Structures are given as C-alpha cells and as structure tokens.
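S.K.: take a look and give me a structure for this.
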Amino acid sequence: MSNNYTIAPRVLIETYGCQMNVNDSEVVLAILSKVGYVLCKEASLADLVLINTCAIRDNAEQRILGRLDFFRLEKKRRPSLVVGVIGCMAERLKEKLLDHPVVDLVAGPDAYRDLPRLLEALRAGDGKQINTLLSHEETYGDISPVRMDPNGVSAYISIMRGCNNVCSYCVVPYTRGAERSRDCDSILREAREAIDAGYKEIILLGQNVDSYKFGEVGFAQLLARVAELSPSVRVRFSTSHPKDMKDEVLLTMAAYPNICKHIHLPVQSGSNAMLEKMRRRHTREWYLERVARIREIMPDCSITTDVITGFCGETEADFEDTLRLFRQVRFDAAFMFQYSERPGTLAQRHYPDDVPPEVKTERLNRIIALQNELSAESNRRDVGREFEVLIEGFSKRSTADLMGRTSQNKACVFPAAGHAKGEYVTVRVLDSTPATLICEVVE
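M.R.: Just a heads-up that it's a prediction; the model follows:
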C-alpha cells in the first residue's frame, strides 16, 4: 500500500445500530481528520471504509457480514482499498473478523484513538491490524466530534460509556465495557459547540443515563445545565433504566420547557419471573409506580418502551402479563423484538433458548398488533391539539410536505408552505395514523 496520496485520503464510514454508534462515528471522523482524512459518501471513491457495527441481535451482525461481501467485490476492483470493522461486533468477534478476506483492520469501541497507528502499520506492510482492548477510563471527552451531517438538526452527545447492569440477555457490557461517566464540563463544551454550529436539538446518550455521575453532578443536574445553555434549543435523552429513574430527573424535566417531554423506559417484560431471569433489577410493580409518577409530574409526557418476546422459559402466562402491562400503561410507541440469543451472555450460559421460533414470532405479532392499537389511540387523542414542532426535513412520501417532531417525539407531517428544516413551527393536528400526526401549520 502506497504511503503517498495525490489528494487527501478519503474515508467512508457506514454506521449501523444505535444513536451512540452515530456519535462514535463522528468521534472516529474527528480522529481521522487530524491525520488528513476527508469524509466521502461513495464506496467507489473511498480509500478507507470503516463499518461501525452493532452486535445486539444476530440479524444486525448478519446484515454487516452481507455488507462485507459487497466490499469484497469493490476490493477486487481496487486492491488498495482498506476495509475496517469497528464498534461492538468488532469487540465481540475480535480476531475472527480478520479471517474474513476483505477485512484489514478491527477496532473495538475503546480503541478509536489508535486508528491512525493501525492504519500506518497497514501502510508499512505489517499485515492485518487489530485493537479490541477495553478501557475503564476512555470517554473521548476531549474530542470534539466532526458531525456527519453538518446541516443536521439534532446533535448526539454521549455522556457516558459502557454498562454495569449486565442484563442476562444483553451483550453490551461485553462489547462496551464497564460504565464510566464523562466529565460534565466536556459535555457542556460539546453542547455549546453544537449550538454554535446551528443545531437545534441536543440528544444526550448513555446505556443508562439515569446512573450518570461525575463528581457531585448527577443526571438531573447535568440535564438542567445543558437546558440552560440555550432556551431555544431542545434537549432529549436516551436511554433510561426503570430502576434508576428518580423523581429529581422528572422534576427537572417539568421545570424546563426546552427539555422534551418524552421518556424511553424499556420494560422488556411484564412478568416478574421473566424480569428476574433477565436480571432487570426492577419488578412489574416498581415499573408501574414509575409510570404513575411520570404522569403525575408531567401529564403531557409520552412514554415509549422496549419489549422482548420469547425469552428463555417464557410461558403463555408470562406473555399475558406483558400484554396486560401494555394495556395498563398504554405506551405511545414501542420497539418490539423476539429474543435473539447472544453468545457469551449470562442467558446463553445459564438458560436454554427453549421457546420455539414460531411461538416467539406469534407472540411478537400479537404484541405488535396491540401496540398498533395503542399508538393509534394515543395519536387520535392529539387530533385538534396544537404543538410546537421542530422540522427535520421533507416527508418520506412527498417533497411538498415537511416532517417534524413534537416535544413528545411524535412525528408530524404538514405542507411545507415556505418553511424549512431546522425551523420551529406550530401545527394543528387534523388527523392521525398509528405512526404519524397529519397536521397544518398554524400561522
């Protein structure tokens, strides 16, 4: 591989998985920019391709393996192309990924600072490169991410890395390491930079934001400090853990109009037997108490969730408990999945994956059907109401319409009427579907 470029080397970064991976890709771009790389959007133009991966479910990994097969064809055409796999799948599979003929480089989530050295070693002819060491200290807090969409509306900011909960089904603690919170001042600096660059929404990210703690600053204090940077900039966060969701956070949300009134609160199951086996460290009763407290403090707050069907040993009675919880809470929306056994997790080591695939699928379809009814009901309640909406861009169906979100994170579609991405507008809801509020702009 040549050491000389006639133009700056170009990097294509493809990001899969969660919002934290989006922020990680922007950290990677910042690191590579300092050694001369420029971002490109087409594989055919790239000197370096980095695939930032997710390992939370098997189908996510299969999708990435399929993508590597695509780059095998590109590499046949251009043997100088360097292909790297980074992120959670890189951490989980480690050296196994180097067996793939197209992969030159593997780097885990805590090894991004080492990418320039790994790339230099490749150029020097030292063979395939890997660094998957996890860290107890790395937060990338001193790095200002280079935003992948400089004209974007929302800026993602990771406030912590890793997770200490070790839910029995989850691979994240093994791919992202132990939990560590980032210096509050560095978070505020990054948020100020995003606001100065024109971003209209700050989204604070962590595997469990409620357990954020840096010195004397907890999550409620951090949330308030970010909200105070600019009253005209929205603040969102994700994800909350029911066992750590404190009233102090809820009261802070209620006190600041620019903190969005939406909480994503994964329940995973409505059965106490399943919750214990999942090591969720909350009960059905605790969860319902937290929901009641949210609605007492913020009646207009939307609540969304995650749920898994067909976890190890789940009976029909366990699943009925989950359906009953959904009917009781009446979630505004939900992410719903059937259980996917992940190698190395506590569940994989200790519990048989004994719910037949067809039963997992049948239960998933039932809870999707129920949630579609609940989402439709939630959206119908909004017909006739007015909301402030932050415009994110054109509707997927028509460039004559714009799409934006309410504080409650509900998608609104309305005629463009001269408005543009990044503006706040007030809309009136005329109609609804289970997924969308159909609106008009209130002049």
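S.K.: can you classify the closest residue in space to Phe394 that isn't next to it in sequence by secondary structure?
M.R.: Computed as Cβ to Cβ, 6 or more residues apart in numbering, the closest residue to Phe394 that is not its neighbour in sequence is Leu402, at 6.1 Å. The C-beta positions use only the backbone N, C-alpha and C, and glycine is treated the same way. What DSSP: H, G, I helix; E, B strand; the rest coil gives for Leu402 is strand.
S.K.: wait, Leu402 touches Ala411, no?
M.R.: No - under the contact definition of Cβ atoms under 8 Å, Leu402 does not touch Ala411, with a separation of 11.0 Å.
S.K.: those two: which has the busier surroundings?
M.R.: Set Leu402 next to Ala411 and count neighbours by other Cβ atoms under 10 Å: Leu402 wins out with 26 against 18.
S.K.: can you give me the domain boundaries for this protein?
M.R.: 10-131, 149-260, 294-381, 386-441 (automatic domain parsing).
S.K.: which stretches in the protein count as helices?
M.R.: 19-33, 58-77, 88-93, 115-123, 172-176, 184-196, 219-229, 247-255, 272-278, 284-297, 316-329, 346-350, 357-380 (DSSP state H).
S.K.: which residues touch Thr283?
M.R.: Neighbouring residues of Thr283 by Cβ atoms under 8 Å, 6 or more residues apart in numbering: 272, 275.
S.K.: mind doing that once more with 10 Å?
M.R.: 242-243, 271-272, 275-276, 289 (Cβ atoms under 10 Å, 6 or more residues apart in numbering).
S.K.: equivalent analysis for Ser378, please.
M.R.: So Ser378 contacts 302-303, 330-333, 371, 408, 410, 432, 434 (Cβ under 10 Å, 6+ apart).
S.K.: from Pro150, how far out is it?
M.R.: Between Ser378 and Pro150 the computed distance is 34 Å (Cβ to Cβ, to the nearest Å).
S.K.: show the pLDDT at the residue lying closest to Gly393 once chain neighbours are set aside.
M.R.: Among residues not flanking Gly393 along the chain, Lys421 sits closest, at 4.9 Å (Cβ to Cβ, 6+ apart). Per-residue pLDDT puts Lys421 at 95.
S.K.: repeat that for Asn3.
M.R.: Value for Asn3, per-residue pLDDT: 48.
S.K.: can you say which of the contacts of Thr283 are buried?
M.R.: Taking 16 or more other Cβ atoms under 10 Å as the criterion, what is buried in those is 242-243, 271-272, 275.
S.K.: closest one of those residues to Glu137?
M.R.: Lys243 (25.3 Å; Cβ to Cβ).
S.K.: right, and the closest one touches Asn164 too?
M.R.: No - using Cβ atoms under 10 Å as the test, Lys243 is too far from Asn164 to be in contact (11.6 Å).
S.K.: against Ala254, how distant is the residue lying closest to Leu251 once chain neighbours are set aside?
M.R.: Nearest residue to Leu251 in three dimensions, chain neighbours excluded: Ile297, at 6.3 Å (Cβ to Cβ, 6+ apart). Ile297 sits 5 Å away from Ala254, going by Cβ to Cβ.
S.K.: having no further points to raise, I will conclude here.
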